[in-house]
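> Here is a sequence with its predicted model. Questions after.
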Amino acid sequence: MSSGPLCGLITMLGMSKMSAGEAFVTLATTDPYCMGATVVAKSLRRHGTTRQIVVMVTPNISEQSTVSLEKVFDEVITVDVMDSEDRLHLALLGRPELGTTFTKIHCWTLTQYSKCVFLDADTLVLCNVDELFERDELSAAPDPGWPDCFNSGVFVFRPSLQTHKKLVNLALQHGSFDGGDQGLLNSFFSSWPVEDIAKHLPFVYNLSANSVYTYLPAFKQFGHNAKIVHFLGPVKPWSSQRLDTMEEFVSQWWKEYHSHAVLPAPMTQLSQDWDKPEQIQENLGRSNSLLTHFSPPSQKLPSRSEPQSHADYSAPLVEHFESSIRTEDEDPHVGTGRQEDRDGTAETCTPLAVDPETEQLEHRRKWELGQADYLGRDAYENIQRMLDCFLD
Ligand SMILES: O=c1ccn([C@@H]2O[C@H](COP(=O)(O)OP(=O)(O)O[C@H]3O[C@H](CO)[C@@H](O)[C@H](O)[C@H]3O)[C@@H](O)[C@H]2O)c(=O)[nH]1
Ligand SMILES: [Mn+2]
């Protein structure tokens with residue numbers, strides 16, 4: 001993204017009023033995870049981050065993925081694969097594929113930055129979260145499974161070769177109690193649960209699907225404040241199996257995946273659509289409204305934006321999505337599907353990337369099955385409004 005003299009100059013100009021030494025960092029060691037990383041970058045840009053956006057990749061990823069990443073990231077940095085090869089603990093965790101997440105700890109080698117926020121490639125940013133840089137190492141949100149451990153999908157850290165070396169040594173000597181980076185990092189930053197409450201990020205910075213299952217009333221109460229969604233667990237938005245929770249977020253993920261990247265702040269001068277602060281602000285303001293459309297987890301109906309086969313990720317599958325999803329991408333304002341009423345006050349949300357007819361049929365079927373969307377479309381206020389219109 002920052003290649004070429006013009007981009008370099010623009011980036012430098014922009015940096016005078018930004019924090020040059022801070023970056024969001026993610027990781028992708030396979031092509032499917034590159035899809036996730038792309039969404040991390042695009043969603044950060046959409047919400048106007050002033051920080052650099054960096055991805056660490058391993059040498060095995062395809063040329064095509066590298067080219068795609070270069071379009072949306074400021075830096076694509078190749079690192080070596082680091083694998084815990086801890087089959088026993090990973091089997092206990094039920095996630096044999098997570099050994100390579102040890103590669104994540106290479107983020108401490110990015111010493112060109114003074115402070116960073118790591119985001120897993122399976123996260124989706126819903127609003128500007130630059131305030132995370134006000135926190136210190138190691139700040140993270142509790143893990144929903146064991147809240148005395150932090151979840152390593154979102155964390156604030158300070159790059160340091162010394163810390164990196166200590167982490168590698170700990171990994172070599174003791175491994176990780178869960179076979180992945182999260183166990184290792186929790187052993188290293190072991191005072192996290194008791195030491196400093198400022199290092200406990202609010203849960204809305206790392207909202208995971210299984211929390212919706214386990215504590216739906218809390219989600220109803222606080223979910224509209226969500227800032228970062230984490231598709232934690234073996235099923236990802238880009239994989240073929242269905243995610244039964246957070247259907248709207250999965251749609252949002254696909255929408256972001258297919259959208260055109262929003263240019264970084266200083267480069268918006270080059271863009272017709274994104275050059276006015278109020279337009280950016282308008283888009284920022286739209287993000288959280290999506291949550292009002294969350295549907296409870298009992299729904300099992302097929303979603304257009306997900307594959308129905310049980311085959312794993314494959315190129316043809318992606319092609320299928322690309323052709324099946326309506327491309328409203330040309331318009332940067334469609335990101336959240338919000339509609340405006342007659343006096344210009346935005347008041348309702350519509351799910352993303354779903355054509356109205358299909359959506360209406362699905363809605364009707366769900367309603368008839370007793371699966372009303374009480375938090376969104378079928379909320380009391382909306383029904384009241386419809387009745388009022390009808391009676392008028
Ligand atoms: O084959 C892989 C697997 C993982 N990753 C990266 O590592 C991250 C973690 O893997 P993920 O599948 O997202 O793990 P989670 O389902 O989120 O599981 C939990 O457990 C992992 C292992 O400890 C931690 O890394 C996670 O942060 C934690 O949320 C991903 O987001 C990617 O950035 C890859 O690049 N390639
Ligand atoms: Mn994750």
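Perfect, I can see it now. Numbering: from 1, shown residues only. Ligands and ions are numbered 1, 2, ... in the order given.

> Only C-alpha atoms from now on, for both contacts and neighbour counts.
Fine.

> Name the nearest residue to Ser62, ignoring sequence neighbours.
For Ser62, ignoring the flanking residues on the chain, the nearest one in space by CA to CA, 6 or more residues apart in numbering is Asp31 at 6.7 Å.

> again with Phe219
Val212 (6.0 Å).

> what helix or strand does that neighbour sit in?
helix 209-214 (DSSP states H and E).

> close to ligand 1, is stretch 167-186?
Yes. Legend: contact between stretch 167-186 and ligand 1 by CA under 6 Å from any ligand atom is shown at Gly180, Asp181, Gln182, Gly183.

> What of stretch 232-239?
Yes. Interface with ligand 1: stretch 232-239 contributes Leu232, Gly233, Pro234 (CA under 6 Å from any ligand atom).

> Only whichever of those are buried, select them in PyMOL.
In PyMOL, this line selects whichever of the residues of stretch 232-239 next to ligand 1 come out buried by 16 or more other CA atoms under 10 Å:
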select buried, resi 232
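
> pLDDT and distance to ligand 2 for the residues of stretch 232-239 next to ligand 1 - can I get that in JSON lines?
Output for the residues of stretch 232-239 next to ligand 1, formatted as JSON lines (pLDDT from 0 to 100; distance: CA to the ion, whole Å):
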{"residue": "Leu232", "pLDDT": "93", "distance to ligand 2": "5"}
{"residue": "Gly233", "pLDDT": "91", "distance to ligand 2": "7"}
{"residue": "Pro234", "pLDDT": "89", "distance to ligand 2": "9"}
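
> ok, of the residues of stretch 232-239 next to ligand 1, which one's closest to Val54?
Checking these against Val54 with CA to CA, the nearest one is Leu232 at 20.9 Å.

> how about the closest one, secondary structure?
coil (DSSP: H, G, I helix; E, B strand; the rest coil).

> Quick check: it touching Leu207?
No. With contact defined as CA atoms under 8 Å, Leu232 does not count as touching Leu207 (9.0 Å).

> that older thread, any idea how far Arg158 is from the residue nearest to Phe219?
Per CA to CA, to the nearest Å, Val212 is found 31 Å from Arg158.

> Can you list the neighbours in contact with the helix holding Val212?
Pro144, Phe219, His230, Phe231, Leu232, Thr245, Met246, Pro297 (CA atoms under 8 Å, 6 or more residues apart in numbering).

> hmm, that helix touching ligand 1?
No. Residues of helix 209-214 contacting ligand 1 under CA under 6 Å from any ligand atom: none, with a closest distance of 10.5 Å.

> mean confidence score for that helix?
Helix 209-214 comes out with an average pLDDT of 75.

> got it, and stretch 36-50?
Mean predicted lDDT for stretch 36-50 stands at 98.

> Could you list the buried residues of it?
36-50.

> Output that stretch in CSV, but only the C-alpha positions, please.
Output of stretch 36-50 as CSV, limited to C-alpha atoms (Å, rounded to 0.1, in the frame of the first residue of the first chain):
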residue,chain,number,x,y,z
GLY,A,36,-9.5,-13.1,7.3
ALA,A,37,-6.5,-10.7,7.5
THR,A,38,-7.8,-8.8,4.5
VAL,A,39,-11.1,-8.1,6.4
VAL,A,40,-9.1,-7.0,9.5
ALA,A,41,-7.3,-4.4,7.4
LYS,A,42,-10.4,-3.2,5.5
SER,A,43,-12.5,-2.9,8.6
LEU,A,44,-9.8,-0.9,10.4
ARG,A,45,-9.5,1.4,7.4
ARG,A,46,-13.3,1.8,7.1
HIS,A,47,-13.3,3.1,10.6
GLY,A,48,-10.6,5.6,10.0
THR,A,49,-7.6,4.3,12.0
THR,A,50,-4.6,6.6,12.0
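
> With that, I have no additional questions.
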